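> Provided below for reference: sequence and predicted model.
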Amino acid sequence: SFMNVFLMAYMINVSLESSPVNFIVYCIVRYTAMGVFAICLLSFFRKHPLAAWRFSMVFSILEVLGIILLDSTTVYYPYILAALNAAESSLYWRPKIHFDVSEVPDNRRIRFRGTTTILTEIVKIIMPIVLGFAIGTTGYTNAAFIILAISAIQLVLSLCFHPTTESRTKPHSLKKVYGMIIKHESLRKLIGLSFVRGWVICSSAYLVISQILLYRNVDSSMDLGIFTSLSAVIAIISVMIYRKLNTKRAQKTMILTFLPAVILLPLMLIFFPHNSILAIAMYVFMQSIVNGLFDGTITMARLEGILGTHLKDSSYRMEVDCLTEVALTVGRILGFSMLLFFIIMGWEQYIIWLAFVESLFVIPRSEERFSRNAETDI
């Protein structure tokens, strides 16, 4: 919340034009750097995943120190923050996904992802309200000290994690891995799914559009915090219900129940662009259902399941995951570049049309397609 929802609001506030351009540039630079790091740091991820994961916590601390110490009105501000955030995210997520696949058995994956989402959302209930109050009373940079303390605790806690296995082998040739992906249908679908995920649901322009609309319709950082916390409550409830469903058919029915709102909310805002209730509803729905349930639980479990079941040779997991990160990056950059174009051209009132087009692609597909292609296992 601090580095996304509140950072966007902060960058708009300190902008002379009250524009989200700086935040969108921050997102583009950040995700581009993450894609580059996914390839350039592959050998380090491969040989020392635990060290990389722990080192990410150091960059998290540096990132918050940058917010505290740097002048937010300078041109270089979003670029430095983006670079630090990209290093932190890359060093964190590549080993994290590796450990999620290698340490969690397939029959517990949905339960694991669901529990992870619930714990994350519990934090998202408490912290946005705390941060909203702190930012409203003491300012954004002073509230960063709270995040600095949490980042330091995170670094200490990371020392308590000891995986059962740790890879220290040399990485495979990316050319060979790419050829393997082209050859096997299940891995091609994995790349395609990652691209679409980056374009429409995973920290995408679609979600940022909902943040911009919310920011334009609320009065304070406290309001932003309250609605972010409300989103977390709904995400927890939806994930718990999804986990309780015992059949694939019941789970699919629940997903299909939510899909109309994904499309109808931006469509209604096209006709009623200044309706604050619709803007709040879209933000809460995007954060809770699209981001929390669809992406955080269902899609992540599905991606990890593909890596765990269709990629029999686990020594290729890190390389395949890095290439999926590149596909994710391309999808994100495409969406944010389109959003930046709209803002620069002075068409901010039309960004909801971009959200509507992207909403048409938020369609979770059945995992059965992958299971039917088991003969493509490697």
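The structure has been received and is ready for your questions. Numbers count the residues shown, from 1 in each chain.

> who's in contact with stretch 78-93?
3, 7, 11, 22-23, 25-27, 29-34, 37-38, 41, 52-53, 55-57, 59-60, 62-63, 66-67, 70, 325 (CB atoms under 8 Å, 6 or more residues apart in numbering). Where you see a C-beta, it was placed from the backbone N, CA and C, and this is true even at glycine.

> what's the helix or strand hosting residue 26 packed up against?
Using DSSP states H and E, residue 26 falls within helix 21-40. If contacts are counted by 3 or more CB pairs under 8 Å, 6 or more residues apart in numbering; DSSP states H and E, helix 21-40 sits against helix 5-14, helix 77-103, helix 205-217, helix 317-344.

> So for the first one, mean pLDDT?
Over the span of helix 5-14, the pLDDT mean works out to 90.

> buried stuff in that helix?
5, 6, 7, 8, 9, 10, 11, 12 (16 or more other CB atoms under 10 Å).

> In the stretch 151-300 of the chain, mark out all the helices, start to finish.
174-183, 185-200, 205-217, 221-244, 248-271, 276-285, 300-309 (DSSP state H, counting those that start in this stretch).

> Give me whichever of the ones you listed is most buried.
Ranked by average neighbour count under the criterion mean count of other CB atoms under 10 Å, those are headed by helix 205-217 at a mean of 23.

> who does it touch, helix- and strand-wise?
By 3+ CB pairs under 8 Å, 6+ apart, helix 205-217 packs against helix 5-14, helix 21-40, helix 185-200, helix 221-244, helix 276-285, helix 317-344, helix 351-359.

> Contacts for that helix, please.
4-5, 8-9, 12, 20, 23-24, 27, 199-201, 224, 227, 266, 269, 274, 276, 279-280, 282-283, 286-287, 290-291, 332, 335-336, 338-339, 348, 351-352, 354-355, 358-359, 362.

> Could you export that helix as CSV, CA atoms only?
Extracted in CSV, the C-alpha atoms of helix 205-217 (Å, rounded to 0.1, in the frame of the first residue of the first chain):
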residue,chain,number,x,y,z
ALA,A,205,-2.3,-0.3,-15.7
TYR,A,206,-5.9,-1.5,-15.1
LEU,A,207,-5.4,-1.5,-11.3
VAL,A,208,-3.6,1.8,-11.4
ILE,A,209,-6.5,3.4,-13.3
SER,A,210,-8.8,2.3,-10.5
GLN,A,211,-6.4,3.9,-8.0
ILE,A,212,-6.3,7.2,-10.0
LEU,A,213,-10.1,7.3,-10.2
LEU,A,214,-10.3,6.6,-6.4
TYR,A,215,-7.8,9.4,-5.7
ARG,A,216,-9.8,11.8,-7.8
ASN,A,217,-12.9,11.0,-5.7
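
> and the lengthiest helix in the chain, what does it pack onto?
The longest helix of the chain (DSSP state H) is helix 109-138. Packing partners of helix 109-138 (3+ CB pairs under 8 Å, 6+ apart): helix 5-14, helix 140-158, helix 221-244, helix 300-309.

> Same question for residue 362, what's its three-state structure.
coil (DSSP: H, G, I helix; E, B strand; the rest coil).

> which ones are touching it?
200, 201, 206, 259, 262, 263, 290, 294.

> Now stretch 132-143: average pLDDT?
90.

> And stretch 242-262, by the same measure?
On average, stretch 242-262 scores 85.

> gap between it and the chain center?
21 Å (CA atoms, centre = their mean, to the nearest Å).

> next one: stretch 99-108
20 Å.

> Give me the distance between the two termini of that stretch.
Stretch 99-108 has an end-to-end distance of 14 Å (criterion: CA to CA, to the nearest Å).

> Buried residues of it, list them for me.
Buried residues in stretch 99-108 (16+ other CB under 10 Å): 99, 100, 101, 102, 104.

> Save the helices and strands packed on helix 205-217 as CSV, and put in distance to residue 301 too.
What follows is the helices and strands packed on helix 205-217, written out as CSV (distance: least, CB to CB, whole Å):
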stretch, distance to residue 301
helix 5-14, 25
helix 21-40, 21
helix 185-200, 12
helix 221-244, 10
helix 276-285, 21
helix 317-344, 15
helix 351-359, 22
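
> if we compare those, which one ends up closest to residue 47?
helix 317-344 (9.8 Å; CB to CB).

> Could you list the low-confidence segments of the stretch 51-200 of the chain?
Along the stretch 51-200 of the chain, segments meeting pLDDT under 70 span 165-171.

> how about a cut-off of 90?
Across the stretch 51-200 of the chain, the ranges flagged by pLDDT under 90 are 72-73, 90, 93-125, 136-138, 141-142, 158-200.

> Make CSV from the helices of the stretch 151-300 of the chain and add distance to residue 145 to it.
As requested, these are exported to CSV (distance: least, CB to CB, whole Å):
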stretch, distance to residue 145
helix 174-183, 41
helix 185-200, 32
helix 205-217, 23
helix 221-244, 16
helix 248-271, 36
helix 276-285, 27
helix 300-309, 31
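
> And the ones you listed: which comes nearest residue 114?
helix 221-244 (4.4 Å).

> So what's the residue count around residue 64?
If you count neighbours by other CB atoms under 10 Å, residue 64 ends up with 25.

> and if you look at residue 154?
For residue 154, the count of nearby residues is 15 (other CB under 10 Å).

> Now do the same contact list for it.
Residue 154 touches 57, 60, counting by CB under 8 Å, 6+ apart.

> one more time with 6 Å, if that's ok
Residue 154 makes contacts with residue 57, as judged by CB atoms under 6 Å, 6 or more residues apart in numbering.

> Of all the helices of the stretch 151-300 of the chain, which one is nearest residue 94?
Of the helices of the stretch 151-300 of the chain, nearest to residue 94 by CB to CB is helix 300-309, at 12.4 Å.

> Kindly format the C-alpha coordinates of stretch 320-330 as CSV.
Only the C-alpha atoms of stretch 320-330 are listed here, as CSV (Å, rounded to 0.1, in the frame of the first residue of the first chain):
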residue,chain,number,x,y,z
VAL,A,320,11.7,-20.7,-17.0
ASP,A,321,10.5,-18.4,-14.2
CYS,A,322,12.9,-15.7,-15.3
LEU,A,323,11.5,-15.9,-18.9
THR,A,324,8.0,-15.7,-17.6
GLU,A,325,9.0,-12.6,-15.7
VAL,A,326,10.1,-11.1,-19.0
ALA,A,327,6.7,-11.9,-20.5
LEU,A,328,5.0,-10.4,-17.5
THR,A,329,7.2,-7.2,-17.9
VAL,A,330,6.3,-6.9,-21.6
